[in-house]
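[1] sequence first, predicted coordinates after that:
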Amino acid sequence: MTAERDQSFDYLPATLADIATVIGLENAIAIARAKGGTRVWIPTKVSDGHWLARLVGMNAAMALCSYYAVDGIGVSLDIPLTTFSSYKRAEAERAKAIRALLDEGKTASEIARIVGVDRRTVFAHKAAIKSGRVDGRQGTLF
């Protein structure tokens with residue numbers, strides 16, 4: 001574990017922030033949705049049929065394995081049940097996730113599927129950012 005965590009993912013639980021730093025926000029959210037609330041084993045290598053490779057692709061899976069491997073040994077990770085724990089925090093985290101995916105050039109439909117919101121929600125966030133009502137780089141203060 002040598003990569004320095006990307007601070008733009010600080011709104012995520014630590015494990016997911018580390019995963020997002022290594023293999024991207026979309027893949028971190030996919031792992032949280034598929035394995036949240038469970039403990040998973042990240043081996044030093046995966047095959048095509050391994051759950052991780054099927055979920056995020058072989059390149060991302062190998063990058064994650066490489067990141068977590070220590071002295072040729074894999075690691076157990078507790079995957080947070082969800083990336084969004086309370087309602088207000090959930091709203092702020094969804095907004096940041098939507099902004100990050102917009103910055104990556106994802107379409108509204110792609111973002112809606114990844115984050116688990118309606119396309120209209122994505123368009124509303126995009127309009128709020130464009131109009132200046134919301135600074136898309138920051139969360140909401142409560």
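    Now that the structure is in, tell me what you want to look at.
[2] run the chain-centre distance for stretch 39-46.
    In terms of CA atoms, centre = their mean, to the nearest Å, the gap separating the centre of stretch 39-46 from the centre of its chain is 18 Å.
[3] same question for stretch 40-57.
    Stretch 40-57 has its average C-alpha position 17 Å from the chain's average C-alpha position, going by CA atoms, centre = their mean.
[4] what does it contact?
    Residues external to stretch 40-57 that are found in contact with it (CB atoms under 8 Å, 6 or more residues apart in numbering): 23, 27, 30-31, 34-35, 58, 61-62, 64-65, 68-69, 72-77, 79. Where C-beta positions appear, they are placed from N, C-alpha and C, glycine not excepted.
[5] please enumerate the helices of the protein.
    Using DSSP state H, the helices found in the chain span residues 14-23, 25-35, 51-56, 58-68, 87-103, 108-115, 119-131.
[6] by mean pLDDT, show me the worst of those.
    Between the helices of the chain, the lowest average pLDDT goes to helix 87-103, which shows a mean of 84.
[7] re the thing from before, can I have the buried ones of the contacts of stretch 40-57 as a PyMOL selection?
    Command for PyMOL, covering only those of the contacts of stretch 40-57 found buried under the criterion 16 or more other CB atoms under 10 Å:
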select buried, resi 23+27+30+31+35+61+62+64+65+68+69+74+77+79
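[8] thinking again about what came up before, of the helices of the chain, which is nearest Ser8?
    helix 87-103 (7.0 Å; CB to CB).
[9] could you list the buried residues of the closest one?
    Neighbour-count burial for helix 87-103, with 16+ other CB under 10 Å as criterion, is recorded at Ala92, Glu93, Arg94, Ala95, Lys96, Ala97, Ile98, Arg99, Ala100, Leu101, Leu102.
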